[in-house]
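Asker: coords below, sequence missing:
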């Protein structure tokens, strides 16, 4: 069966986010002073074959642990749906 997976990767709380700080500075310089925090992450979409949704979710979780995320400093969330 064919599945689509959405993967959301973000830095864990407390990990310095220089990209987020740069975006925050840019927003402030554009007049958006009400913003008081920005965290930058990654969004990935994958298509894969698996016998069922649970197996697809396990496969994508393994991909995250091995390549797509750095589990030491990043957390991730996976959403899987049949195509």
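Answerer: Looks like it came in fine. Values in this document were obtained by computation on a predicted structure and should not be read as measured data.
Asker: Provide the backbone phi and psi angles at residue 70.
Answerer: When read as degrees, to the nearest 10, the backbone of residue 70 gives phi -100, psi 100.
Asker: how many neighbours does it have?
Answerer: Using other Cβ atoms under 10 Å, residue 70 has 15 neighbouring residues. Every residue, glycine included, has its C-beta placed from N, CA and C.
Asker: ok, it - contacts?
Answerer: For residue 70, the contact set (Cβ atoms under 8 Å, 6 or more residues apart in numbering) is empty.
Asker: And residue 42, by the same measure?
Answerer: By Cβ under 8 Å, 6+ apart, residue 42 lies in contact with 7-10, 68.
Asker: Show the pLDDT at it.
Answerer: Residue 42 is assigned 98 on the pLDDT scale.
Asker: Surely it is in a strand?
Answerer: Yes. The assignment for residue 42 is a strand, going by DSSP: H, G, I helix; E, B strand; the rest coil.
Asker: For residue 44, give me its contacts.
Answerer: Residues in contact with residue 44 (Cβ under 8 Å, 6+ apart) are 6-7, 9, 68.
Asker: Can you show me the strands along this structure?
Answerer: All strands of the chain, identified by DSSP state E, fall at 2-11, 41-49, 74-82.
Asker: which sections of this structure are below the confidence cut-off?
Answerer: Within the chain, no stretch has pLDDT under 70.
Asker: a markdown table please, covering the strands of the chain and showing distance to residue 29.
Answerer: Listed next are these as a markdown table, based on distance: least, Cβ to Cβ, whole Å:
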| stretch | distance to residue 29 |
| --- | --- |
| strand 2-11 | 23 |
| strand 41-49 | 22 |
| strand 74-82 | 28 |
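Asker: What separation do you get for the residue of the chain most remote from its centre and residue 44?
Answerer: For the chain, the largest distance from the centre (Cα atoms, centre = their mean) belongs to residue 31, which lies 27.8 Å off. Residue 31 sits 32 Å away from residue 44 when distances are taken as Cβ to Cβ, to the nearest Å.
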